[in-house]
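predicted coordinates and the sequence they were generated for:
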Amino acid sequence: MNALLKAKSAYTAANASTKTTTDYEYDIVARATQNLLAAHKTASTKKGAEGFAVLAEALHKNRKMWTIFEVDLAAKENQLPQDVKDNLFYLAEFTRQHTSKVLSRKANVRALIEVNMAVLRGLRSGAT
């Protein structure tokens, strides 16, 4: 291997992502939370079908994220402690039920935002 190829190879390796799984999880939850916040603001300012459609889309994406988390939590390869898994399963179920209430206009989206924010705090503090 010549020097140019070695240099290119070394540079490519140094360019590799240093993000951890937790970093990716944080980014995903943060994006879903930002979408919920923006949709809530839009729904508050644009009354009617247009505002509600934006909110419904953000709720759908948030619920989908939590469903994906549930699948991961249920995998036997998941190494989180059982009590953490149990708590996250509870939050996923709460999210599913509360989302239905928001969609039927019986509840506010704020509780879902607070759940996501609590998860973000846990991820940032390194809690497992």
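The structure has been received and is ready for your questions.

hang on, isn't residue 88 packed against residue 72?
No - checked against CB atoms under 8 Å, the pair residue 88 and residue 72 is beyond contact range at 9.3 Å. Every C-beta, even on glycine, is put in place using the N, C-alpha and C of the backbone.

okay, the two: which has more neighbours?
residue 88 (19 against 14; other CB atoms under 10 Å).

which SS class is that one?
State at residue 88, reduced to three classes by DSSP: H, G, I helix; E, B strand; the rest coil: helix.

sec struct for the closest residue in space to it that isn't next to it in sequence, please.
Nearest non-adjacent residue to residue 88, counting by CB to CB, 6 or more residues apart in numbering: residue 73, 5.7 Å away. Under the three-state scheme (three-state DSSP), residue 73 adopts helix.

any idea how many residues pack against residue 73?
Residue 73: 15 surrounding residues under other CB under 10 Å.

kindly report the same for the one 4 residues further on.
When neighbours are defined as other CB under 10 Å, residue 77 has 5 of them.

beyond the helix or strand of the chain with the lowest mean pLDDT, next helix or strand please.
Within the chain, no helix or strand scores below helix 3-14, which has a mean of 58 by mean pLDDT, DSSP states H and E. Where DSSP states H and E defines the elements, the next helix or strand beyond helix 3-14 is helix 21-45.

and the most centrally placed residue in the chain, what does it touch?
Centroid-nearest residue in the chain: residue 29, 2.4 Å away (criterion: CA atoms, centre = their mean). Shown in contact with residue 29 (CB atoms under 8 Å, 6 or more residues apart in numbering): 65, 116, 119, 120, 123.

make JSON lines from the residues you listed and add secondary structure to it.
Shown next, in JSON lines, are those (three-state DSSP):
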{"residue": "65", "secondary structure": "helix"}
{"residue": "116", "secondary structure": "helix"}
{"residue": "119", "secondary structure": "helix"}
{"residue": "120", "secondary structure": "helix"}
{"residue": "123", "secondary structure": "helix"}
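
between those, which is nearest residue 82?
Nearest to residue 82 among the contacts of residue 29 is residue 119, at 17.8 Å by CB to CB.

that closest one against residue 91, yeah?
Yes - if you go by CB under 8 Å, residue 119 and residue 91 touch, sitting 7.2 Å apart.
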